[in-house]
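> Need coordinates for the following:
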Amino acid sequence: MARSSFASPGVIPTSLERQYQATERFHVLQASKGISLQTRLLQQKRRFSIRDSEAFVSTAIAPNGRVAVATPSEVRLYNIECQNLNKDVTPTASVRLKLLSKGESVRAVAISDDLLAVVTHRRLMVYEYQETGNIEDNSLPEVRIDQKASWTPRSLSILQVDATDPDQSAAAWIAVGGEGVNGVRLYQYSRRPCWTALRDCHLTLKCPRNTGLVKSVGFSTFVRMNFLFIFAVTSENQVACWSVHAQGLGKLPSPLAVSYCDVLTVVAGAGRPVSMSLPPHDVNATQNPSPHRGDITGVNIFESPSERPYIFVAINQEHGSQLMRSFIAPLGAPVSRWRSLPGNTTGRQSLSAAATRNGRFLVVVEDGALKLLTLRGAFGGGLTCSDRTVEWASSLKETAKDMCAISLSVKESLGCIEITGVDGRGHVFSARASVPGMPVTAPPSLTIGGFTMAELHGDQVVPTVPELCGKEISQAPRVDSTVRASSGGVEVMLGR
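Coordinates of the predicted model:
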């Protein structure tokens, strides 16, 4: 197996390597602990809190503070920001779904400032929930998504951005992951002036290495030069990322040529994945796997204050898992650029995580606690966390492992951070931290409308960075990991 030149002494770094090693220089802001509130969600008809034995199959929080939760047959909306959190929160609306068969039920929900997305075993349904009247009366055409029972949807995410374009005032993308297809299905919507699903504008992002199901999907917190990133987490603890470029509304689908994106420091092509592999710290763990694997519980792709893209992966190491600790790295970086978070800042069991849009803070949910971590430049390049953390006691808990039920929202205000969390048992947590001098980052937006999509297959992925052998892996520092990279996106594989 070929050795990676990145780990060899005396090798002159390439321009891409130098970007990964670039020193982050920005003023580190100090956060101080503010007030926190904990409450619960009320059911719509029965005026009592949800019992611990009852759980939602999915939760989601919009940037505007709206919360969506789903049971197998119903979706409920709550307006957290407009209610007194000293009391239990009452729902503002609900959608009772008309299921097509006994085998159909709600799998996941996602919510943006304007749109509510619901995916079942068979269908993707989208509603303009901000419009007057019943939510069911403001639905967009549903999509039959199960491909004649050959694919079962499992996870869902939505990104809505403003657009400075004469053809549309906003755009939205909905990503759906599942089992039976090694990839993610992506759909585009446009507001001009009403929300419309763009006809035939959908894409399958292929995961050629994936042998499991896609248990969660998501989007980057930024859109840079009309590029955005989409990621997927599989049941095999793989993270696949793709870059998608907005080219122009209504153009015929055709793949973008692979190009170098200097701003994002990633070799990026539309829908083309870059693959990376993270082995465990102990190379023998792959030969004698632990029965308790642990899980990836959160992924965030964000920009640092220097406008460099990073990926943060939160990991639950419960039951003696051999997985590395939660880590942060430049997006697409090779070999030793992966840094585990300092052990004195987080524990081994991260249940969920989020990054601020300005790239200055991370939020991590642990068992019984919620932590705010301050990001700073690391020695030798990249980012790490300051030793000083802000911590609150938290009621947020995990439910079943097959439920993506803990959702986080981190809102930047002038001089403060507001954090909201909700879990699958209806617990609501809200906290505020004071951050003097912190600016507010503008939400992501497009300068042109739409983007071009086409289906890509595994044979279009060409490896460009060789794979490290076991000897190099065993000699690597514990904070580091091994990476295989190819042109255009990112796939991270954590071993047993």
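
> How much space separates the residue nearest to the spatial centre of the chain from residue 229?
Centroid-nearest residue in the chain, with CA atoms, centre = their mean: residue 218, separated by 3.7 Å. In this view, residue 218 and residue 229 are 9 Å apart by CB to CB, to the nearest Å. To be clear about C-beta, it is placed using only N, CA and C from the backbone, and glycine gets the same treatment.

> and if you look at residue 108?
Plainly put, residue 108 is 20 Å away from residue 229 if you go by CB to CB.

> And residue 144, by the same measure?
For residue 144, the distance to residue 229 (CB to CB) stands at 28 Å.

> got it, and residue 30?
In this view, residue 30 and residue 229 are 30 Å apart by CB to CB.

> For those two, indicate the residue with more neighbours.
residue 229 (25 against 13; other CB atoms under 10 Å).

> The more buried one: what's it in contact with?
By CB atoms under 8 Å, 6 or more residues apart in numbering, residue 229 lies in contact with 219, 220, 241, 242, 243, 244, 301, 309, 331, 489.

> Drop the exposed ones from these and show what's left.
When the contacts of residue 229 are checked for burial by 16 or more other CB atoms under 10 Å, the buried set is 219, 220, 241, 242, 243, 244, 301, 309, 331, 489.

> Just the ones in strands from the residues you listed, please.
Using DSSP state E, the members of these that fall in strands are 219, 241, 242, 243, 244, 301, 309, 489.

> Would you mind naming the residues that bridge with the second one?
Applying DSSP bridges to residue 241 gives these bridge partners: residue 231, residue 490.

> Wait, it touches residue 309, no?
No: judged on CB atoms under 8 Å, residue 241 makes no contact with residue 309 at a distance of 9.8 Å.

> overlap in contacts of those two?
By CB under 8 Å, 6+ apart, the residues touching both residue 241 and residue 309 are 229, 301, 331.

> now this protein, which segments are flagged as low pLDDT?
1-21, 43-54, 147-149, 200-201, 246-293, 319-320, 334-336, 400-404, 448-496 (pLDDT under 70).

> Tell me which stretches of it form helices.
Counting by DSSP state H, the chain has helices at residues 15-20, 470-475.

> quick one, what contacts the residue nearest to residue 214 when sequence neighbours are not counted?
Take residue 214 and drop its neighbours on the chain: the residue closest to it by CB to CB, 6 or more residues apart in numbering is residue 177, 2.9 Å away. Neighbouring residues of residue 177 by CB under 8 Å, 6+ apart: 153, 154, 155, 156, 184, 185, 213, 214, 215, 216, 217, 232.

> Burial check on the second one, number of neighbours?
It stands for residue 154. For residue 154, the count of nearby residues is 22 (other CB under 10 Å).

> how many other residues sit next to the residue nearest to it when sequence neighbours are not counted?
Leaving aside its sequence neighbours, residue 154 sits nearest to residue 178 (CB to CB, 6+ apart; 4.3 Å). By other CB under 10 Å, 25 other residues sit near residue 178.

> go on, the one 4 residues further on?
Residue 182 has 20 neighbouring residues, counting by other CB under 10 Å.

> And for residue 315?
Residue neighbour count, defined by other CB under 10 Å, stands at 25 for residue 315.

> so it bridges to which residues?
Under the criterion used (DSSP bridges), residue 315 bridges to residue 296.

> gap between residue 375 and residue 423?
Remark: distance between residue 375 and residue 423 (CB to CB) = 25 Å.

> I meant residue 195, not that one.
Distance from residue 195 to residue 423, counting by CB to CB: 30 Å.

> so how far is the strand with the most length in the chain off the chain centroid?
Longest strand of the chain, by residue count under DSSP E: strand 152-165. Strand 152-165 sits 12 Å away from the centroid of its parent chain (CA atoms, centre = their mean, to the nearest Å).

> list the buried ones in it?
Along strand 152-165, these residues count as buried under the neighbour rule (16+ other CB under 10 Å): 152-163, 165.

> now for it, which elements pack on it?
The contact analysis (3 or more CB pairs under 8 Å, 6 or more residues apart in numbering; DSSP states H and E) places strand 152-165 against strand 106-111, strand 115-120, strand 168-179, strand 214-219, strand 445-446.

> just the ones in strands among the buried ones among the contacts of residue 229 now: which is nearest residue 58?
residue 219 (16.8 Å; CB to CB).

> what is the residue nearest to the centre of the chain paired to in the beta sheet?
Counting by DSSP bridges, residue 218 forms beta bridges with residue 231.

> Quick one: residues contacting it.
Here residue 218 is in contact with 157, 175, 230, 231, 299, 300, 301 (CB under 8 Å, 6+ apart).

> I figured the fourth one was touching residue 301, is that so?
Yes: the criterion here is CB under 8 Å, and residue 231 meets it with residue 301 at 6.1 Å.

> picking that back up, any idea which of the contacts of residue 218 is closest to residue 362?
Comparing these against residue 362 with CB to CB places residue 300 closest, at 7.7 Å.

> Now for the closest residue to the closest one other than its chain neighbours, how many residues are close by?
The spatially closest residue to residue 300, leaving aside those adjacent along the chain, is residue 355, at 4.0 Å (CB to CB, 6+ apart). Neighbourhood size, residue 355 [other CB under 10 Å]: 26.

> give me every residue that touches residue 355.
Neighbouring residues of residue 355 by CB under 8 Å, 6+ apart: 221, 300, 302, 312, 361, 362, 363, 410.

> one more time with 10 Å
220-221, 298-303, 310-312, 328, 361-363, 373, 375, 408, 410 (CB atoms under 10 Å, 6 or more residues apart in numbering).

> Tell me the spatial nearest neighbour of residue 370, not counting adjacent residues.
Nearest residue to residue 370 in three dimensions, chain neighbours excluded: residue 394, at 4.0 Å (CB to CB, 6+ apart).

> Just want the phi and psi numbers for that neighbour.
Per-residue torsions, residue 394: phi -130, psi 150 (degrees, to the nearest 10).

> so it sits right up against residue 420, yeah?
No: in this structure residue 394 lies outside contact range of residue 420 using CB atoms under 10 Å: 11.6 Å.

> Report the set of residues contacting both of the two.
Common contacts of residue 394 and residue 420, defined by CB under 10 Å, 6+ apart, comprise 429, 431.

> close enough to count as contact, residue 69 and residue 406?
No: using CB under 10 Å, residue 69 is not in contact with residue 406, being 11.6 Å away.

> more neighbours, these two?
Taking neighbours as other CB under 10 Å, residue 69 and residue 406 compare with residue 69 leading, 28 against 23.

> now that one, which residues is it bridged with?
Bridge pairing for residue 69 - DSSP bridges - gives residue 59, residue 76.

> Can you tell me how far it is from residue 408?
In terms of CB to CB, residue 69 sits 14 Å off from residue 408.

> ok now do residue 143, which residues does it touch?
Neighbouring residues of residue 143 by CB under 10 Å, 6+ apart: 119, 122, 123, 124, 125, 126, 174, 176, 185, 187, 197, 202.

> tally of neighbours for the third one?
Spelled out, that is residue 123. Residue 123 has 17 neighbours, counted by other CB under 10 Å.

> What about the residue nearest to it when sequence neighbours are not counted, how many residues nearby?
Closest residue to residue 123 apart from its sequence neighbours, by CB to CB, 6+ apart: residue 142 at 5.1 Å. Using other CB under 10 Å, residue 142 has 14 neighbouring residues.

> Then the one 3 residues further on?
Here the neighbour count serves as a burial measure; for residue 145 (other CB under 10 Å) it reads 20.

> got the contact list for it?
Contacts of residue 145 (CB under 10 Å, 6+ apart): 119-125, 151-153, 176, 178, 185, 187, 202.

> who wins for most neighbours among those residues?
Counting by other CB under 10 Å, top hit in the contacts of residue 145: residue 119 with 28 neighbours.

> any idea how far residue 98 lies from residue 104?
Distance, residue 98 to residue 104, using CB to CB: 10 Å.
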